[in-house]
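1. pasting the structure only:
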């Protein structure tokens, strides 16, 4: 074994240029692999962080039979008395903030154009909505008691040629399986620098979202 090591080192010394170039090639290759792995991991972690901040939070309270991919507002998929539950969770020392939210699928129409959207009912003052407050690019933020106002993402506004103050038709599925349609006023435009999310998300006061979807007293 010792003899083999001596032969190997002697071979390395016979052609210094070849040895140096080989070492550099191996070092560069390894460095590129490490850089690529770090980049992929960083992108992955960044995507998770964005999802937590904008949508899921670090923890969710769901109905026992809830399925992530289901868009229905069936009663079995809803959580009763969400404000009380959020208050109890907020009281825990480890929790920074807890807030009820309501999600519903819908269609936004203006003139002859339409777009499938996800309506998100939020409690406007909650610090959980800080990304939307900081991302306000035009107009004003919706208020808790607003019954006509919504906020839409900047990419969606650009796609449909909308601006603050415009009136739009919004159609949503309701808890009884029917469809309701109302006219809303765009109070403001937001950007979270996540085009795919901003292009399909509409913000609405939580209480109005409950009334609109016929889910008073519940959240999803």
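-> Nice, I can see it. Remember, it's a predicted structure, so these values are computed and weren't measured experimentally.
2. so residue 203 bridges to which residues?
-> Counting by DSSP bridges, residue 203 forms beta bridges with residue 120, residue 151.
3. relative to residue 76, how far out is it?
-> Summarising the geometry, the distance separating residue 203 from residue 76, computed by Cβ to Cβ, to the nearest Å, is 26 Å. For every residue, glycine as well, the C-beta is placed using N, CA and C.
4. so what are the sheet partners of the strand or helix carrying residue 104 and their directions?
-> In the assignment (DSSP states H and E), residue 104 maps to strand 102-110. According to DSSP bridges, the neighbouring strands of strand 102-110, each with its direction, are strand 113-122 (antiparallel), strand 167-173 (antiparallel).
5. can you lay out those strands as JSON lines showing mean neighbour count?
-> Shown next, in JSON lines, are the strands paired with strand 102-110 (neighbours: other Cβ atoms under 10 Å):
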{"stretch": "strand 113-122", "mean neighbour count": "18"}
{"stretch": "strand 167-173", "mean neighbour count": "18"}
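6. with distance to residue 190 as extra columns, can I get these in CSV?
-> Compiled in CSV, the strands paired with strand 102-110 are given as follows (distance: least, Cβ to Cβ, whole Å):
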stretch, distance to residue 190
strand 113-122, 11
strand 167-173, 15
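7. indicate which one of these is closest to residue 217.
-> Relative to residue 217, the nearest member of those by Cβ to Cβ is strand 113-122, separated by 12.7 Å.
8. so between residue 203 and residue 76, which is more surrounded?
-> residue 203 (23 against 10; other Cβ atoms under 10 Å).
9. make sure that one is actually in contact with residue 117.
-> No: contact between residue 203 and residue 117 fails when scored by Cβ atoms under 8 Å: they sit 10.5 Å apart.
10. give me the low-pLDDT residue ranges for the chain?
-> In the prediction, the chain carries residues with pLDDT under 70 at positions 1-16, 18-23, 34-56, 66-72, 75.
11. let's go with 90 and repeat that
-> Judged by pLDDT under 90, the chain has its weakly predicted residues at 1-83, 85-99, 111-112, 127-128, 173-178, 193-196, 217-220.
12. what are the ranges of the helices in this structure?
-> 2-14, 16-51, 82-90, 130-134, 154-160, 195-198, 206-213 (DSSP state H).
13. domains in this protein, by residue range?
-> 2-56, 75-219 (automatic domain parsing).
14. any chance of those in JSON lines, with distance to residue 64 too?
-> Written out in JSON lines, the entries for those read as follows (distance: least, Cβ to Cβ, whole Å):
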{"stretch": "domain 2-56", "distance to residue 64": "18"}
{"stretch": "domain 75-219", "distance to residue 64": "8"}
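15. buried deepest among those domains, which one?
-> Sort the domains of the chain by mean neighbour count, taking mean count of other Cβ atoms under 10 Å, and domain 75-219 sits at the top with a mean of 17.
16. quick one: it to chain centroid distance?
-> Average the C-alpha atoms of domain 75-219, do the same for its chain, and the two points are 13 Å apart (Cα atoms, centre = their mean, to the nearest Å).
17. and residue 213, how far is that from residue 124?
-> As it turns out, when the distance is counted by Cβ to Cβ, residue 213 lies 18 Å from residue 124.
18. longest strand in the protein, by residue count?
-> The strand spanning the most residues in the chain, taking DSSP state E as the definition, is strand 179-190.
19. circling back: okay, the angle between the strand holding residue 104 and helix 206-213?
-> Counting by axes from the mean of the first three to the mean of the last three Cα atoms, to 10 degrees, strand 102-110 lies at 70 degrees to helix 206-213.
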